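Engineer: one predicted model, sequence on top.
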Amino acid sequence: MPFSIPLLVGLYLILARPHGLSLMAGLLTLKPLLTTPLWFALMFVTYRPPVGSMPLPDFITILPGAGLTLITLIVFRKVFFGPHAGAALSLLVLDCARWVNSYLMLLLRPSKGFGNLQGILILLGLALPIVFAAVALAVSRAAARQAA
């Protein structure tokens, strides 16, 4: 299950390391648990729009991930200007990579002639939450050591 590691790491970062960067890292680590079901629903409607309705544009699938990233950026804006700005920016870039990958999976679907590439993007999409969790944990530990 690709979300068990992010779930454990995200909860650990939120509960055991309650400073700004760790809280942000924990919430971003848990974000795929909320956005993935929304992404699947949007993807289904984009692939097969209801009869008689206009098809949705492909970019609509980035809204759950990008929207929560924007909210996180606004809420934790002070972290991006403090001593951990570089680490926070790294997490933000990696988080953006997750929802851009989700968009590319839909944009480069087999019906558009990108079958092999979509398989790679799917594997990457399964790995990115785990990679993000590992990076978030490492960044949070380094920030805690630096603060001590």
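Structural biologist: Nice, thanks for sending it over.
Engineer: packing partners for the host helix or strand of Ala66?
Structural biologist: Ala66 belongs to helix 63-75 when assigned by DSSP states H and E. Packed against helix 63-75, as judged by 3 or more CB pairs under 8 Å, 6 or more residues apart in numbering; DSSP states H and E, are the following elements: helix 20-47, helix 85-107. All C-beta atoms are positioned from the backbone trio N, CA, C, and that covers glycine.
Engineer: name the helices or strands packed onto the longest helix belonging to the chain?
Structural biologist: When every helix of the chain is counted residue by residue (DSSP state H), the longest turns out to be helix 115-147. Counting contacts by 3+ CB pairs under 8 Å, 6+ apart, helix 115-147 is packed against helix 4-16, helix 20-47, helix 85-107.
Engineer: still on that earlier bit, alpha carbons of the helix holding Ala66, in PDB - could you do that?
Structural biologist: Coordinates of the C-alpha atoms in helix 63-75 are reproduced here as PDB (Å, rounded to 0.1, in the frame of the first residue of the first chain):
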ATOM      1  CA  LEU A  63      -6.900  21.300  -8.700                       C
ATOM      2  CA  PRO A  64      -7.000  19.100  -5.500                       C
ATOM      3  CA  GLY A  65      -3.200  18.900  -5.300                       C
ATOM      4  CA  ALA A  66      -2.400  22.400  -6.400                       C
ATOM      5  CA  GLY A  67      -5.200  23.900  -4.300                       C
ATOM      6  CA  LEU A  68      -4.000  22.400  -1.100                       C
ATOM      7  CA  THR A  69      -0.400  23.300  -2.000                       C
ATOM      8  CA  LEU A  70      -1.500  26.900  -2.300                       C
ATOM      9  CA  ILE A  71      -3.300  26.800   1.000                       C
ATOM     10  CA  THR A  72      -0.200  25.300   2.700                       C
ATOM     11  CA  LEU A  73       2.000  28.000   1.100                       C
ATOM     12  CA  ILE A  74      -0.300  30.700   2.500                       C
ATOM     13  CA  VAL A  75      -0.600  29.200   6.000                       C
END
